[in-house]
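Peer 1: My questions are about this predicted structure, shown below with the sequence.
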Amino acid sequence: MAGADVQEIQCKSLLNKLDIPNFPFRWTLNPYRGCRHACRYCYARPTHEFWGLDAGREFEQRVFAKVNAPEVLRKELKRPSWRGEGIAIGTASDPYEPAEAEYRLTRSIIDVLCDLENPASITTKGVLVKRDVDALRELRRVADVRVNFSIGSVDEKVWKTTEPGTPSPVARMEAMQFLVEHGVPAGVMMAPLIPGISDSSESIHEVAAAAAQHKAQFIGANVLFLKPGSKEWFMPMLREAYPHLSPAYAKLYRKTYAPQEYTAQVMKIVDDARASWGLPTMEPTKKMSQPQRQLQLAFSV
């Protein structure tokens, strides 16, 4: 793959457990480490430092593919202790980043989930997910599944400045609509909403409007947070592209998360936009009851 060094690695385990109270999911998995999408704010950048690599260019240009991920996942889901909980895919790197075109690890993982009837959600900025519509439809027949398209702004400058390696927001919206029209639940996650850049009422309503026009089935949002390792990569971009915002960020991000008062104000705008366009909130995936599964199968015939 031009411009990136993809290294094949073996993983001993794939599922990661989160012990965070009131969080929408407890289990995550990531087929890749590193991401060519090169989002300047990406909170997963510091994970490369665990390997002695930097969180900047090496995170974008040295991608690790967990080539045995599907086999490891199958073993983990067959353990007697596993309770069939929902799994969030793509929390640290995009499962449809460019390496997926060659390695097809995410596709194989969907097949495993389908075989074992395990619910999952997928978060992506990629449009390659359309390739797997058949597998996602099969998973939908036996388990709860949804695809969350991460789209924080539909402004072209914001996209090119903050997410230089990703498909355009319009392309993502179109991919979402394609999945919905083919029976796969999908919606928009406005994440991150970036202070002074994509957090205005106008910008948020523009995203919600586009989401509704492209048949989104839900919408959610998160405000930007800047972890050590990510902050050092984001702030130079901010000073170059939005120099007038630098003083405000010095106050707003003294810590990893923006102040709760500011976050609440932004989320109120999101709630207003969601209501204006008749879009439901994004709910966590969960295991189907037997009656639900039977009903789903009946309507899938």
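Peer 2: Nice, thanks for sending it over.

Peer 1: which residues in the protein form helices?
Peer 2: Applying DSSP state H to the chain gives helices spanning 57-61, 69-77, 100-103, 105-115, 133-142, 156-162, 169-181, 201-213, 231-241, 246-252, 260-276, 290-300.

Peer 1: May I ask you to confirm that Thr285 is in contact with Val147?
Peer 2: No - at 10.8 Å, Thr285 and Val147 do not qualify as touching, with contact defined as C-beta atoms under 8 Å. C-beta coordinates here come from the backbone N, C-alpha and C atoms, glycine included.

Peer 1: shared neighbours of those two, anything?
Peer 2: Shared contacts of Thr285 and Val147 (C-beta atoms under 8 Å, 6 or more residues apart in numbering): Ser121.

Peer 1: Next, work out how far apart the closest residue to Glu100 other than its chain neighbours and Pro98 are.
Peer 2: Nearest residue to Glu100, sequence neighbours excluded (C-beta to C-beta, 6 or more residues apart in numbering): Thr106, at 5.3 Å. Taking C-beta to C-beta, to the nearest Å as the measure, Thr106 falls 12 Å from Pro98.

Peer 1: Tell me which of those two has more neighbours.
Peer 2: More neighbours surround Thr106 than the other of Thr106 and Pro98, with 30 against 20 (other C-beta atoms under 10 Å).

Peer 1: what's the pLDDT at that one?
Peer 2: At Thr106, the pLDDT value in this model is 98.

Peer 1: now do the one 5 residues further on
Peer 2: We note a pLDDT of 98 for Asp111 in this prediction.

Peer 1: Can you pull out the low-pLDDT segments for the stretch 201-301 of the chain?
Peer 2: By pLDDT under 70, the low-scoring segments of the stretch 201-301 of the chain are 286-301.

Peer 1: and with 90 instead?
Peer 2: Applying pLDDT under 90 to the stretch 201-301 of the chain flags residues 229, 233, 282-301.

Peer 1: and what of the stretch 51-200 of the chain?
Peer 2: 51-61, 91-92.

Peer 1: could you list every residue that touches the residue minimising distance to the centre of the chain?
Peer 2: Residue closest to the average C-alpha location in the chain (C-alpha atoms, centre = their mean): Thr123, at 2.8 Å. Applying C-beta under 8 Å, 6+ apart, we find Thr123 in contact with Ala88, Ile89, Gly90, Thr91, Asp94, Pro95, Val147, Asn148, Ser150, Met189.
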